[in-house]
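Colleague: need a 3D model of the sequence below.
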Amino acid sequence: MVAERIDWVKHQLLATAYWYQQSQRADNSQLREKYEKAYHNARQTWLVHPLTLNLTPESQNDWWNWALWMVSKFQRCSSPIEGRNGYLSQIHHNRRGLSSQRLKVATVIHNYVIRRSDGTTAAERLFCLKFPDLFEFLVHHLGELPQPRRARKSSIAQTFTLSTVPS
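Modeller: Alright, predicted model coming up:
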């Protein structure tokens, strides 16, 4: 019964309240029309749900007011945490800044390496051209890699010893 109530709250009540709120907030008339349609569909589903039918009108009103209060707290958070901007934001936050070279590399990787499920990169979709594989391009054009730096010679530790005190 508890799982059924949670499902009702999440998928019926809050969804209906969310679409109601979005339909009230939308400035664009086309968006408002779509949101209102989504709200009416969600409301019809909510009103015929068995848990909604078992509530008194006062209880329905209380639940509705609570749902409106809850959805007023919702924030869209996918853009700051997903995709390229989310990645760059996290890198910037963790390392206290990005060098211009690292930002250029991240842009190239985003545009030419990362592929969608259909197998295309951002550059291929933008320019309608097939680009060569970036890794293969780098292997053919990079040449010999430089030798690693030489390790510093470690200094001999100066251990303090007293000849009169056995160790």
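
Colleague: what's near enough to touch Asp62?
Modeller: With CB atoms under 8 Å, 6 or more residues apart in numbering as the criterion, no residue contacts Asp62. Just so you know, the C-beta spots here come from the backbone N, C-alpha and C atoms, and that holds for glycine as well.

Colleague: got it, and Leu129?
Modeller: Ala123.

Colleague: same check, this time on Ser23
Modeller: By CB under 8 Å, 6+ apart, the contact list for Ser23 reads Arg32, Tyr35, Glu36, Ala38, Tyr39.

Colleague: filter those residues down to the buried ones.
Modeller: Tyr35, Glu36, Ala38, Tyr39 (16 or more other CB atoms under 10 Å).

Colleague: how close does the last one sit to Asn54?
Modeller: Here the criterion is CB to CB, to the nearest Å. By it, Tyr39 lies 23 Å from Asn54.

Colleague: please apply the same query to the third one.
Modeller: Relative to Asn54, Ala38 is positioned 25 Å away (criterion: CB to CB).

Colleague: Asp27: how many residues sit nearby?
Modeller: A count of nearby residues for Asp27, using other CB atoms under 10 Å, gives 6.

Colleague: where does it fall, helix, sheet strand or coil?
Modeller: Here Asp27 is recorded as coil under DSSP: H, G, I helix; E, B strand; the rest coil.

Colleague: circling back: please flag which of the contacts of Ser23 sit within helices.
Modeller: Among the contacts of Ser23, DSSP state H puts Arg32, Tyr35, Glu36, Ala38, Tyr39 in helices.

Colleague: tell me which helix or strand the nearest residue to the second one once chain neighbours are set aside sits in.
Modeller: Setting aside the residues directly before and after it, Tyr35 is nearest to Ser23 in space (CB to CB, 6 or more residues apart in numbering), at 3.9 Å. Using DSSP states H and E, Ser23 maps to helix 14-25.

Colleague: tell me the mean pLDDT over that helix?
Modeller: Helix 14-25 comes out with an average pLDDT of 92.

Colleague: what stretches of the chain score poorly on pLDDT?
Modeller: For the chain, applying pLDDT under 70 flags the ranges 75-83, 95-97, 154-167.

Colleague: and the helices in it?
Modeller: For the chain, the helices defined by DSSP H occupy 2-8, 14-25, 29-47, 50-53, 57-71, 78-81, 83-95, 100-112, 122-127, 134-142.

Colleague: name the residues that touch the fourth one?
Modeller: With CB under 8 Å, 6+ apart as the contact definition, helix 50-53 has outside contacts at Glu4, Arg5, Trp8, Gln12, Leu13, Trp46, Leu47, Gln60.
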